[in-house]
Structure formats: C-alpha cells, structure tokens
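# Pasting a predicted model and its sequence here:
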Amino acid sequence: MTRSPLRRLAFGTLRRLMAPFVRSETINQSAFTLKIDPARPVFYVLQQPSASDLAVVDAECRKAGLPRPVLPMPISGREEPMAFFYLTPGPGWFGGQDKRGISPTLQRLVQSLELNSEAQAQIIPVSVFWGQSPDSESSPWKLLFADSWGVTGRLRKLFRILVLGRKTRVQFAEPIQLRELVDQKKDGERTLRMVQRILRVHFRNQKTAVIGPDLSHRRTLVKGLVHAPGVKAAIAEELAREPKLDQEKAEALALKYANEIASDYSYPVIRFLEVVLSWFWNKLYEGIQVNNIAGVQEAAHGHEVIYVPCHRSHIDYLVLSYLLFTNGLTPPHIAAGINLNMPIVGGILRRGGAFFMRRTFKGNPLYTAVFNEYLHTLFTRGFPVEYFVEGGRSRTGRMLQPKTGMLAITLRSFARDSRLPIVFIPVYIGYERVFEGRTYLGELRGATKKKESLLDLFKVFSALKQRFGKVSVNFGEPIKLAEFLDREQPDWRIPQTDPLARPAWLSQASNRLADEVARHLNDAAAVNPANLVALALLSTSRLALDEQALLRVLDLFLSLLRQVPYSPYATLPQGNAAELIEYVKSLKLVSEQQDALGRILYLDEQNAVLMTYYRNNILHIFALPALLASFFHNTARISRTQLLRFTRALYPYLQSELFMRWKLEELDGVVDQWLASFVELGLLTRDGDSYVRPELSSRQFVLLSLLSNTIVQTLQRFYMAIALLLKQGQNQLSAEELENLCTVMAQRLSILHGLNAPEFFDKSLFRHFIQSLLEQKVLAQDEAGKLGYHEGLGELVEGAAQRVLPAEVRLSIQQVTVEGPAEPAAKNA
C-alpha cells in the first residue's frame, strides 16, 4: 500500500464497510503496557497480507494511543509511507501455499540502520484472530469459519469477517529492537533472513499458543505409533511370548490400543464446547475467579506445557480448558479414565482433547508401550497436556498422595528427547460448594462409589436449581523440568546405551517430582468463606458457636493469614467476617437458631460431614500455627528453644501428609513469624525468650484453643498409631497389620467419641504415616517385615503428646487401645 489518494480512499471505505460487522479487543498483553520507546520509530508486522487485519490493527492502535500503521513514519532522515509490512505474501482467492519473499519495507529498514549507526527502529509483531472472543455466544455452524491452521483464501476470509467479525481478538507482542540485530555485523542478506526467521518463529508460537499446534491427521498419527521403536520392541516381545500370535495380528492389536487411547482433537468442537460451557457456568456458578494466569501465558511460548491440577470434581477439566481458551491459550489434551469413554459423552470428550487410559497397565506391556509412545508424541510435538497427579478425585477435600505413573512416563520421555523444554503448571481449583458434594457425602459414610453413566447428565440439569457459589482457579508456580532434574538428579543428561530403557534414577526422581507438584498445588490454595466457616465450627466440641464468637474466630483466621501469608500464589476471600457468615448461610451449608440472647450458628448432622471436605481444603495452611497453639494446651509458659525443638520433631510428619511448603531449614524463621503474629493479636505474650499463654478464663485463650483444635485429629491419629505399635511390642506387627489395626481402632474411637470426620479412619493416611516413620528412621523393619522401634520411643511420644493433646484425648486413645480387640484385627489383616 502507498500513500496515494486512491489507496487511502479504498482503505477508508473498507474500514467503514467493516464497522457494522467487526468488534475487536486486544488480549494477552495490552497495547497500553507494551515496552515501546516513544523516541524510536515503530513499525508493525503482520504475518500475511490482509487489508481487513490491517484495519483491525489500525483501530486497536487508535484506541490504545499507539502510532498508527497506516500513517507515514520518519526514519534516518527519510519517511516510510506506511508504518507496517507483511512477513510473507498471502494466498489466492481460494487458498493456496504462499511463496516466501522479503518485504521491501523491511529491506529498506535494515539498509537504513546499516548506513546510519545512530538510527533505530522497533518492529512489533501483531496477530489477529477471528472468531475468538469469549464475550458472547455464537451458533455452532459459525465455528466452521473460526481460525485454524488451514490455509485461508480471500473468499473464506470474507465469510469469516461477516460471520465472526464481532468476535475478533488482537495480540501485540513486545517490540523487536532492529538495531540489536543489525549490530551483530552480519551482511544485509543474512540479517534479513535472521529477522524473517525470528518473526516466523514468533508467529508460529503465537498461533500455537492460541489455537493449538498444527495437528497431523489423527489416523496418520495413530498408524505412526505402531511403527515407533518402543511399540515395535513390545510387539517383538509379544510374539516371543505368544507363539500363536503373528505379526499382522500383533500390529492390529497395537492399532486397536492406539485408537482406544488417542484423542480426536477438533477445533470446531472446542469452540462449540466454549459456547455450551459459557451458558453452563452462568447457570451453575456465580463467577470464576482466575489468578496468576500471566505466568502461564509467558510459559506457553517455547515450552511443552503440562497442566497438573488438583482433582476435586469432574468440573475441573471442563473449567480449566474453558479458561485457557478464553484467555488466548490452547486447551490441553487431557488424560481421562476409560470409564468416561461412554456413548455420546466419550466422543465429545475425545474431540474436546481427552485421551483415554486404563486404570492399570499391569500385565499388558504392549498397551503400556503404545500409551507411552502416544504421550511421547504429544510432548515432542508441543501439544499441551493435562493430567491429575492425584489419580482420582479427592473425596475428603485434602490433597491425595500423588500417583507417579504419568510423571514417570513424562520423565522417561524427556530423558529420551529433551529438545523441547517441559514446564509443569500447577492449577488449584477451589469450590465454595463442590458439585458432587452429596455423592461424596454418601461415599464418606461408606456407600460404594457409583460408576459414571449417561444418567448423570440429567443430574447436572437438576443441580442447576441449587446455588454453588463461585469457583477460584489459581495457577501456581511453574516447575521447569530441566531445572528440577539438574537440581535433584544431576546425571540425568548422561545418554543411556538404550534410549528406550528405563533410567535407573526414574523411580526416585518421580517420587520427588510428585511431592514438589503437590506442594506447589497447595501453595496456590484459594481460601474461601466455606473453608473458614468450616474450620471454625469443626474446631468446637458441639459444632456450634454463637454469632459473636464465630465473628471473632473468623476475624482471627483472616488476621493470621494477612499477617503471615502462606505463599505468594494463595488467595484470600474478600469481605469481613460478618459478610463471610451471611454468604455461607446463603449456600445452605450452616444452620442457625435464634433465642433471646442472639443467633447460634451450627452444623447439622449432614453438613457436619460435608464441611470436613471444605475444612480439609485449607488444613495445610493452618497446620503450623495450629501446632504452635497446641503446645500451650497443658503448658502456660514455653521457651522459644523448646517450641522450635518440638516443632522440628513433629513438622516432618505434618509436611509429609499435608504437603506443606517449608523445608526443615526454613522452619525456624517461619515459626518466629507466626509467634510474632500471635503476640500482636494477643494470643500470647512474650517474656524474654519465653512465650506465655493468656489466662484460662480469657477470650484470647478460647481463640488459641479453637485454633489448636484444627490440627488435633491429625495429632490424635499419629499418637494412636504409635500407641498401638507400643502395645503390640517389638517386631510383632508388619506395616500392613499396623495399618489395618489403626483403621479399626480409629473407627471405634470415632463411634465412642463422636468424631464426625471420615478421613480420621482413612487407611491411606495411616499407611503414609507409617511410611514416614520408616523414612525418618523412627521405625525399622526386620527380615520378616516386622516393625521395630527405639526403646525410648514410648517415653518420647508420651512426652510430646502431653504437650500437644488435651488430657481427655490422650486418655480416650489409651482406653481404646487397651480395650480394643487387637488380635482379631491383626488376623483380619
């Protein structure tokens, strides 16, 4: 385009003709925040010729107060007629491959800077995406015209403007300083090629981040898996193991597995789901709050992104894909259980990016090889992937012990080919009221888990009449896999003799990575009103508080979290304590009773169990201050040295169970912060190097006790496990027998003392605690697998229990362990 009056008239006419059909917005990096130096000439570059794209960019520049691309731009004593150029020629009317060429404007810019060492120029790549706006609904047929990797002709572009022009998004990239490239002292032709290469990579990465990688046909990808080295090796082993099986049948079986696994990613279906889910969220929830997504948008460029969300609901993967798409990022390929591959639903999920996996791979090396190769293909081609490290949904609300299977596959793939760096993005998804709450309630009370079915869809529509509050999605601190391995496994880069062999370090590295992912997930916790009210009411013996007392407890919790933030990625609710109470009441999670003295808030039998779920969401945040508070149950005065010693002794077990963020060497400083906060809030007073609790009759002591009660049940379980082991004696029980015995005794204790928390007798928690004791060398196994312990363990544990547990709790555990039928429980194991 030149500055001729005819061209200006044509452009102005086009802009006016487009006005009724086009509504655009700038996404990702607002034009207002671009790092533009106003003293340097600005030139915009678009990927290919498009007058409509140029008109949209010009409109966005005018709105943002940026230099306009269609106006002249002076540079090095002369004037360029237009401040834009196209990277490559465009396709014909009906599409067709472009032919690489170099823009005359770019050639003149490079030449000007080579001739004048003082001259400067900034190049800003701009991408325009049609049919990408999340602001309004559209009919499914319109999605056929949305942006894709296919070559777009002018005729299709015309229809795209008419159909989807009101859903147009523009992305400005940070300026490229052309002077820095010219100063590399390469000749003009090489500099031009370098600039073109940088711009081509940028546009490809930008498009990949927004609409996903350039997809090969699914059939081609699936067939390619059968001929991959790992799968061919597994077929050879299968033939050696099964002489009656021939090569053709083995390959057909591998192809069957590949078709069972692979997604059939369809961009129109993704857009269709966006339309449906936009309606669904508005009906089901009162808003989705997103935090820390800027780091994800930055990491998406140049990395293979693996999203690792916590798993609380079937809504998790829907809400995450929806949010990524509406924020200009590619929805990931999602690992889904084969149980979700139902008629109709399975097909939609598969086209929405789901790939299906069996619950166990044991005894089927061919299936394992096909699945591993499929994931390796996704990773090396840059497809974003999502999987849940917890395996299944958490029914108790706490972070489950991570499963290492998918992480091990990822590590193995990366060790085999690390050219594309991998970054894990933890995603914490918090619900004020979880969709499956009533189902979980039944399962927590002992009901058998129901298999998913099409009838569940009708439950979704019936649930739309209920109130579910808001959803919070917090993106946590990214974990760059290469940096993790360099730190934890420095020899990982040493090539193996067989690239397909399992690395010797894989198991340990997978376990450490699993723990790190779980900690990063908990770091990004979203504290909501339901969490805090549950924490407060479940800390009382009668599950009830009068309104004024509940207000004081909630004020205390909020003050603690604001004075000592858990992590930079965690978020707190808006509003004061009174507003939080009214909000939770509106969700029908608490009941109230009015009398002459005021209101009493309480949990009925049904909500008492359900609210343990919401309390457990944030138990890890309050565990350390609650532990510190518990030291003052039975002791009025404790020195700082004693507090640190007791905390260091118990912290490793709390950290292991709750995935708390602080390393042991950081603990002293964090404890000092909490103690300083306690003093400021009046929960403790400081006398020299000691801390003193308030008077037993004071309001501050009641608050301190309620805070300590949040962790009492966890400490009870620890104490009970040791008490049962000591009762049986040295080398009498295996880890499994002790685990079963603990479960029976915990169920008995919960019945006798009314502990309304199903996770109190969760077998997996006892299993993990016993494993932690072995790792800390507190316990040891003999050749027969029986557990031995230090002779002084009983005295040490009893001394600690006297510090942190109320006397009535210790007595009740001692009575149950003495009276309990230990022998039958051991036999049942």
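Yes, it's here.
# who does the residue positioned nearest the centre of the chain bridge with?
Taking Cα atoms, centre = their mean as the criterion, Val427 is the residue nearest the geometric centre of the chain, at 1.4 Å. Per DSSP bridges, residues listed as beta-bridge partners of Val427: Pro309, Phe475.
# Contacts only, for it.
With contact set as Cβ atoms under 8 Å, 6 or more residues apart in numbering, Val427 has these partners: Tyr307, Val308, Pro309, Cys310, Leu320, Val473, Asn474, Phe475, Gly476, Leu521, Ala524. Backbone N, C-alpha and C define where each C-beta goes, glycine included.
# pLDDT-wise, what's the bottom of these?
Of all the contacts of Val427, the model is least confident about Leu320, whose pLDDT is 92.
# I'd assumed Pro426 was in contact with it.
No. The pair Leu320 and Pro426 fails to qualify as a contact (Cβ atoms under 8 Å) at a distance of 11.6 Å.
# pull the CA atoms of the top helix by length along the chain into PDB?
Looking across the chain with DSSP state H, the single longest helix is helix 188-211. What follows is the C-alpha trace of helix 188-211 in PDB, where atoms were taken according to Å, rounded to 0.1, in the frame of the first residue of the first chain:
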ATOM      1  CA  GLY A 188      22.500  -7.300   4.800                       C
ATOM      2  CA  GLU A 189      21.100 -10.500   3.300                       C
ATOM      3  CA  ARG A 190      21.900 -12.600   6.400                       C
ATOM      4  CA  THR A 191      20.400 -10.000   8.700                       C
ATOM      5  CA  LEU A 192      17.200 -10.000   6.700                       C
ATOM      6  CA  ARG A 193      17.000 -13.800   6.800                       C
ATOM      7  CA  MET A 194      17.600 -13.700  10.600                       C
ATOM      8  CA  VAL A 195      14.800 -11.200  11.100                       C
ATOM      9  CA  GLN A 196      12.400 -13.200   9.000                       C
ATOM     10  CA  ARG A 197      13.300 -16.400  10.900                       C
ATOM     11  CA  ILE A 198      12.700 -14.700  14.200                       C
ATOM     12  CA  LEU A 199       9.300 -13.300  13.000                       C
ATOM     13  CA  ARG A 200       8.300 -16.700  11.500                       C
ATOM     14  CA  VAL A 201       9.000 -18.500  14.800                       C
ATOM     15  CA  HIS A 202       7.100 -15.800  16.700                       C
ATOM     16  CA  PHE A 203       4.000 -16.000  14.600                       C
ATOM     17  CA  ARG A 204       4.000 -19.800  14.700                       C
ATOM     18  CA  ASN A 205       4.500 -19.900  18.500                       C
ATOM     19  CA  GLN A 206       1.700 -17.200  18.900                       C
ATOM     20  CA  LYS A 207      -0.700 -19.200  16.800                       C
ATOM     21  CA  THR A 208       0.200 -22.400  18.600                       C
ATOM     22  CA  ALA A 209      -0.500 -20.800  21.900                       C
ATOM     23  CA  VAL A 210      -3.900 -19.600  20.800                       C
ATOM     24  CA  ILE A 211      -5.400 -22.300  18.600                       C
END
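# Next SSE downstream of that helix?
Scanning forward in sequence from helix 188-211 by DSSP states H and E, the next helix or strand is helix 218-226.
# Tell me how far the following helix or strand past that next one lies from the chain's centre.
Using DSSP H and E, the helix or strand that follows helix 218-226 towards the C-terminus is helix 229-241. The gap between the average C-alpha position of helix 229-241 and the chain average comes to 36 Å, counting by Cα atoms, centre = their mean, to the nearest Å.
# what's in contact with helix 229-241?
225-226, 245-247, 250-251, 253-254, 365-366, 368-370, 372-373, 376, 500.
# I'd like to know which of those residues are buried.
225-226, 250-251, 253-254, 366, 368-370, 372-373, 376 (16 or more other Cβ atoms under 10 Å).
# can you tell me which of these are in strands?
Secondary-structure check on the buried ones among the contacts of helix 229-241 using DSSP state E: no residue lies within strands.
# Please flag which of the residues you listed sit within helices.
When the buried ones among the contacts of helix 229-241 are checked against helices using DSSP H, the ones located there are 225-226, 250-251, 253-254, 366, 368-370, 372-373, 376.
# What is the nearest of those to Leu192?
Within those, proximity to Leu192 (Cβ to Cβ) peaks at His376, which comes in at 37.0 Å.
# any idea how far the residue lying closest to that closest one once chain neighbours are set aside lies from Ser394?
Counting by Cβ to Cβ, 6 or more residues apart in numbering, the nearest residue to His376 once its immediate chain neighbours are dropped is Ser413, at 4.3 Å. As judged by Cβ to Cβ, to the nearest Å, Ser413 and Ser394 stand 27 Å apart.
# now Val473
16 Å.
# cool, Met745 as well?
Shown here: Met745 relative to Ser394, a distance of 24 Å by Cβ to Cβ.
# Show me which of these two is the more surrounded one.
Taking neighbours as other Cβ atoms under 10 Å, Met745 and Ser394 compare with Met745 leading, 26 against 21.
# tell me the SS of that one?
In three-state terms, and counting by DSSP: H, G, I helix; E, B strand; the rest coil, Met745 is helix.
# surely it meets Gln814?
No. Contact between Met745 and Gln814 fails when scored by Cβ under 8 Å: they sit 11.4 Å apart.
# for the closest residue to Lys763 other than its chain neighbours, what are its contacts?
Here the nearest residue to Lys763 in space, its sequence neighbours aside, is Thr743; by Cβ to Cβ, 6+ apart that works out to 4.8 Å. Contacts of Thr743 were listed using Cβ under 8 Å, 6+ apart, and they are Phe761, Lys763, Phe766.
# now the helices for the stretch 251-400 of the chain?
If you assign secondary structure with DSSP state H, counting those that start in this stretch, the helices in the stretch 251-400 of the chain sit at 267-284, 293-299, 315-326, 345-351, 365-380.
# With the stretch 701-829 of the chain instead?
With DSSP H, counting those that start in this stretch as the criterion, the stretch 701-829 of the chain has helices spanning 712-728, 735-753, 763-775, 793-804, 807-819, 822-828.
# looking at these, which is buried most?
With neighbours defined by mean count of other Cβ atoms under 10 Å, none of these is more surrounded on average than helix 712-728, at a mean of 21.
# helices and strands around that one, which ones?
Contact partners of helix 712-728 among helices and strands, from 3 or more Cβ pairs under 8 Å, 6 or more residues apart in numbering; DSSP states H and E: helix 619-630, helix 640-658, helix 735-753, helix 763-775, strand 787-789, helix 793-804, helix 807-819, helix 822-828.
# Looking at the helices of the stretch 251-400 of the chain, which is nearest to Arg615?
Relative to Arg615, the nearest member of those by Cβ to Cβ is helix 315-326, separated by 19.9 Å.
# other SSEs contacting the closest one?
helix 267-284, strand 288-291, strand 304-309, strand 333-337, strand 385-386, strand 422-431, strand 471-475.
# Buried residues, the first one. List them.
By neighbour count on 16+ other Cβ under 10 Å, the buried set for helix 267-284 is 267-275, 277-278, 280-281, 284.
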